[in-house]
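have a look at this prediction, sequence included:
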There are 2 protein chains.
Amino acid sequence: MDRLLGKGKRLLPGLLNSVAWYKKQQQSCRFYCHPRAKRKLMSQHFQSMNLQEDSMGSQSKPGEMTCKSQRLMLLLGLICPANPGCYHYMPYTVRSMEKLIKVIDREMQAIGGQKMNMPALCSAELWKASGRWELMGKELLRLADRHSKGYCLGPTHEEAITDLIASQGCLSYKQLPLLLYQVTRKFRDEPKPCFGLLRGREFYMKDMYTFDASKEAALQTYALVCEAYCNVFNSLGLQFVKVQAATGSIGGTMSHEFQLPADIGEDQLMMCENCDFSANVETINPDETHCPVCRRKLVKHKGIEIGHTFFLGTKYSSVFNTTVRTSENKPVPAEMGCYGLGVTRILAASIEVLSTEDTIRWPNLIAPYLICFIPPKKGSREEKGAVLLENLYDSIAEAAPQVAEEMVLDDRTQLTIGKRLNNAKKLGFPYVIIGGKKVLDEPSLFEVHNQSTGEILFLAKEAIIDLLSKVQTP
Amino acid sequence: MDRLLGKGKRLLPGLLNSVAWYKKQQQSCRFYCHPRAKRKLMSQHFQSMNLQEDSMGSQSKPGEMTCKSQRLMLLLGLICPANPGCYHYMPYTVRSMEKLIKVIDREMQAIGGQKMNMPALCSAELWKASGRWELMGKELLRLADRHSKGYCLGPTHEEAITDLIASQGCLSYKQLPLLLYQVTRKFRDEPKPCFGLLRGREFYMKDMYTFDASKEAALQTYALVCEAYCNVFNSLGLQFVKVQAATGSIGGTMSHEFQLPADIGEDQLMMCENCDFSANVETINPDETHCPVCRRKLVKHKGIEIGHTFFLGTKYSSVFNTTVRTSENKPVPAEMGCYGLGVTRILAASIEVLSTEDTIRWPNLIAPYLICFIPPKKGSREEKGAVLLENLYDSIAEAAPQVAEEMVLDDRTQLTIGKRLNNAKKLGFPYVIIGGKKVLDEPSLFEVHNQSTGEILFLAKEAIIDLLSKVQTP
């Protein structure tokens, strides 16, 4: 305490002695205190409220477009409707989103990305300078402050970051490539918000902006970011495709989308049976049936766009006068790229492609929790096994600290094991560990359900600890 | 990969074999690749650009109210101005903020808080129902969507959460207390935004809302959250005071503020020399000079509000018909509390009270990075020592993985050690380790500066590893 005050820090009159102050504070904070919950209990989770049969209803309005991920997320209380295209993200969803952000952070930082954070309010002036104030039309949510100054709520931040980097003076080639990114809430006034988190008016996006001194260097950076995007999707185990794409209102001269093939996808893709060629149908003649590269047949798919990359060239840097110095010390307009990952959309799209009609499946790496423990029903023959399952929980927490945060004990022992197992499967726990028929054997055997493989094994404590110690967490 | 697809998952036509698909993807992603940077290099950090003498200027406009934290954060490129009261948070600031959020998450979750996330757009209807649509006047940023439906950008979320919980049906007493919180960007159209992150129009806040079935239980929950707030500030080593406060536009019947005494504070506090009594002057007769509890003298202070708690009673739950069941199964309006921590304000306020006029000091636990390594200047007599310092860096990274992420190597070896040490001190690295005069001794001795204590020690590798292994990270 004292040490933190640093040299020369004046103490307050009336609080002359910081030790006395500290003690006083400690006393005034000594209130009634719940014991710190050591085990995470399902009965205390917001989600458990939403697992009663009688409250189950998909809540979609008549005539509304809906899809599997939206139905499941509403049904299980993972999201709750707020306004059209705006949802409350409930605790399990926030956990999953934070894990996904960790995965994204790791890959962005591995290629030198630096995380920053820009305001949601973007001044009309900047957007008028780029021409997008007009171009974006009704998709832009606009407002005026108390001084009647105009703003939009940023759907992306090309204007903001290009202006910001211009204000830093002319960057040296030694500082390039500069890769800045943020993970923030974005706004788009969709004409028809639908499909839950897939097409909303508020959503989280990771947007990255890159700056280089030449087109060649910028193309290398572009490839590097595309590779990091592949790493993100591969680590989630998502079966994505990278397709050539149109540049739309963002602009630039080259663009790719990362698409998750799905029946409800709103993008039309054409993919070659034979070679690497894949394209959003917007970029080719829609009547084309053969691959422009190898002339083999093209196959149609629908896709959900989960990532999008743009090579911008100097489109924005020339407007905002954002210059960098080449190795010959010559100032040139920055060659830029911009890159987006739909964070909340990746969550919903993963659920869309991995789940069955009534059971959520998440990519294991970003499941809200990894393991659900189900002790025997109260009053059952195995009731005494509850304490053995609790011991197992505590042993795992001790042996594998990275897994400790990932475990939930379903203490609703007034419910049957079957009912709770069903709940755990619906919510998409990758592992369920049950104190069932063999829990009172010598030694105790626990029923371990692996949702990814469908396997059910009866394992002793040591084998379970061994199994779970190897589980990957973000 | 296959395992994740799950049973019964149909493979796409044209992509019949998922192994072949996987390989194809891997190939199409094999681009030019920077080697993954193992050491974090100062020359690549955005901040290093802002440490040139010639770009140093406080950037405040003539006549603008300014303060130490704002000047330092602008000067060192930790924040950059965007719009009035809106700043870009640059990478070091985001690192510090994310650490602070970890500290807050830990304390909120220790008392059973569940993290969720609510939309920024709040419908005018809800705010009209509570009466705050009128009450808040020009502080509320308002807008209409493409269908002319009215919204505000939420400064707090009492209406939204109370309506949300009402939609969940009547909660059972077994699910109480329910503590939900979020850490999100909030909006307030301040008449005169000033003091950098201390009074902005966009800021990050942690807001928690609690639900109980009786006033007694709700008061226990209130005390519990206050205690968690004390824990947050104590773990940061901040010399705060908890004072009785006015309820303002939020309402309710009891309120406390957590204040950081500081000359630029905008709140007037009265604190007793003798007993626990402390109050915001708003809550007492401003001419009162003696403590209402013990009649001893009151001392005036100025404070920066960094946390605020409100006991709301049924103010909002009665409007939105949010009921809970008592243990006698009787439905009653929920007794609520709401609680705020100014996340970005805590960052700036910490800097304000801990820093000197030209050197930033952060609470150690949330410093952007913990350690700066400074190798000898290129061409100096000790130049060969650079590799020894790099070895030290790598050894620490291996021996103390939690510290590995916290280290930066200042590779700008064209600059003198003194210049770089000065930079590192300004940026507030808690530890600076220099390959200086004794780096070529047998064994090598490194110069270790501890900014908290002002100590400078010459230590060998093992002693440094030992020292840093014990450093606390969030």
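Here it is on my side, so go on. Numbering: from 1, shown residues only, chains lettered A, B, ... in the order given.

which parts of stretch A:416-424 are buried?
Residues A:417, A:419-421, A:423-424 are the ones in stretch A:416-424 that count as buried (16 or more other CB atoms under 10 Å in any protein chain shown). Glycine gets a C-beta too; all of them are placed from N, C-alpha and C.

go back to the residues you listed and keep what's next to chain B.
Checking the buried residues of stretch A:416-424 against chain B by CB under 8 Å from any CB of the partner chain, not one of them is in range.

of those, which belong to helices?
Residues of these located in helices (DSSP state H): A:417, A:419-421, A:423-424.

list just the nearest of the residues you listed to A:D145.
A:N423 (47.5 Å; CB to CB).

I figured that closest one hits A:I417, correct?
No - in this structure A:N423 lies outside contact range of A:I417 using CB atoms under 8 Å: 10.7 Å.

elements contacting the longest strand seen in chain A?
If you go by DSSP state E, chain A has its longest strand at strand A:298-313. Contact here means 3 or more CB pairs under 8 Å, 6 or more residues apart in numbering or on different chains; DSSP states H and E; on that basis strand A:298-313 packs against helix A:215-236, strand A:241-244, strand A:254-261, strand A:267-272, strand A:335-342, helix A:343-354.

can you get me a residue count around A:A246?
Per other CB atoms under 10 Å in any protein chain shown, the neighbour tally for A:A246 reads 12.

list the contacts of it.
Each residue near A:A246 by CB atoms under 8 Å, 6 or more residues apart in numbering or on different chains is listed here: A:255, A:280, A:282-283.

in PyMOL, how would I select just the buried ones from those?
This is the PyMOL syntax for the buried subset of those, where burial follows 16+ other CB under 10 Å:
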select buried, chain A and resi 255+280+282
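
among the contacts of A:A246, which one sits closest to B:K149?
The closest of those to B:K149 turns out to be A:E282 (CB to CB; 31.1 Å).

is it correct that that closest one falls within a strand?
No - A:E282 is assigned helix when assessed by DSSP: H, G, I helix; E, B strand; the rest coil, not a strand.

I'd say it and A:A245 touch.
Yes - between A:E282 and A:A245 there is a contact at 7.2 Å, judged by CB under 8 Å.

for A:E352, see how far away the residue nearest to A:K425 when sequence neighbours are not counted is.
Nearest residue to A:K425 in three dimensions, chain neighbours excluded: A:T359, at 5.4 Å (CB to CB, 6 or more residues apart in numbering or on different chains). Using CB to CB, to the nearest Å, A:T359 is found at 13 Å from A:E352.

name the residue in these two with the higher neighbour count.
Using other CB under 10 Å as the criterion, A:T359 and A:E352 rank with A:E352 on top: 25 against 16.

redo the buried residues of stretch A:416-424 as JSON lines? Include distance to A:L179 and pLDDT.
Formatted as JSON lines, these follow (distance: CB to CB, whole Å; pLDDT from 0 to 100):
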{"residue": "A:I417", "distance to A:L179": "50", "pLDDT": "97"}
{"residue": "A:K419", "distance to A:L179": "49", "pLDDT": "95"}
{"residue": "A:R420", "distance to A:L179": "46", "pLDDT": "95"}
{"residue": "A:L421", "distance to A:L179": "46", "pLDDT": "96"}
{"residue": "A:N423", "distance to A:L179": "43", "pLDDT": "94"}
{"residue": "A:A424", "distance to A:L179": "40", "pLDDT": "95"}
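
got these as JSON lines, with distance to A:L388 columns?
Output for these, formatted as JSON lines (distance: CB to CB, whole Å):
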{"residue": "A:I417", "distance to A:L388": "14"}
{"residue": "A:K419", "distance to A:L388": "21"}
{"residue": "A:R420", "distance to A:L388": "17"}
{"residue": "A:L421", "distance to A:L388": "18"}
{"residue": "A:N423", "distance to A:L388": "22"}
{"residue": "A:A424", "distance to A:L388": "19"}
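
show the end-to-end separation of stretch A:281-290, please.
12 Å (CA to CA, to the nearest Å).

cool, stretch A:211-220 as well?
11 Å.

identify whichever of the helices and strands packed on strand A:298-313 lies nearest to B:P376.
B:P376 lies closest to helix A:215-236 among these, at 31.0 Å (CB to CB).

packing partners of that closest one?
Against helix A:215-236 (3+ CB pairs under 8 Å, 6+ apart) you get helix A:91-110, strand A:202-212, strand A:254-261, strand A:298-313, strand A:335-342, helix B:18-28.

is chain B contacted by the longest one?
When you say that, I think you mean helix A:91-110. Yes - using CB under 8 Å from any CB, helix A:91-110 reaches chain B at A:91, A:93-95, A:97, A:110.

show me which of those residues are buried.
For these, a burial check counting by 16+ other CB under 10 Å picks out A:91, A:93-95, A:97.

if we can go back for a sec, pick out the shakiest of the helices and strands packed on helix A:215-236, pLDDT-wise.
Ranked by mean pLDDT, the helices and strands packed on helix A:215-236 bottom out at helix B:18-28, with a mean of 43.

which SSE is immediately downstream of it?
With elements assigned by DSSP states H and E, the helix or strand that comes after helix B:18-28 is helix B:68-75.

tell me the helix or strand right after that next one.
strand B:79-83.

state the mean pLDDT of the very next helix or strand once past that next one.
On the C-terminal side of strand B:79-83, the closest following helix or strand by DSSP H and E is strand B:86-89. Per-region confidence: strand B:86-89 scores 97 on mean pLDDT.

can you pull out the strands in the stretch 351-474 of chain A?
Assigned by DSSP state E, counting those that start in this stretch, the strands in the stretch 351-474 of chain A fall at A:371-374, A:407-409, A:431-434, A:446-450, A:456-459.

list the buried residues for stretch A:192-202?
Using 16+ other CB under 10 Å as the burial criterion, the residues of stretch A:192-202 that qualify are A:193-202.

ok, these vs chain B, which is closest?
Closest approach to chain B among the buried residues of stretch A:192-202 (CB to the nearest CB): A:E202, at 5.0 Å.

and the closest one, what are its bridge partners?
Going by DSSP bridges, A:E202 is paired in beta bridges with A:F187.

doesn't A:D189 make contact with it?
No - in this structure, A:E202 is not within contact of A:D189 by CB under 8 Å, at 10.1 Å.

can you list the domains in chain A?
Domain segmentation of chain A under automatic domain parsing yields A:92-354, A:369-469.

which residues touch A:K68?
A:264, A:351-352, A:355, A:357.

one more: A:F458?
Shown in contact with A:F458 (CB under 8 Å, 6+ apart): A:438, A:445-448.

also A:A367?
Shown in contact with A:A367 (CB under 8 Å, 6+ apart): A:96, A:99, A:428-430.

returning to what we had before: so which of the domains of chain A is the most packed in?
Of the domains of chain A, the one with the most neighbours on average (mean count of other CB atoms under 10 Å in any protein chain shown) is domain A:92-354, at a mean of 20.

end to end, how far does that one reach?
Length of domain A:92-354, first residue to last, CA to CA: 17 Å.

perfect, that will be all.
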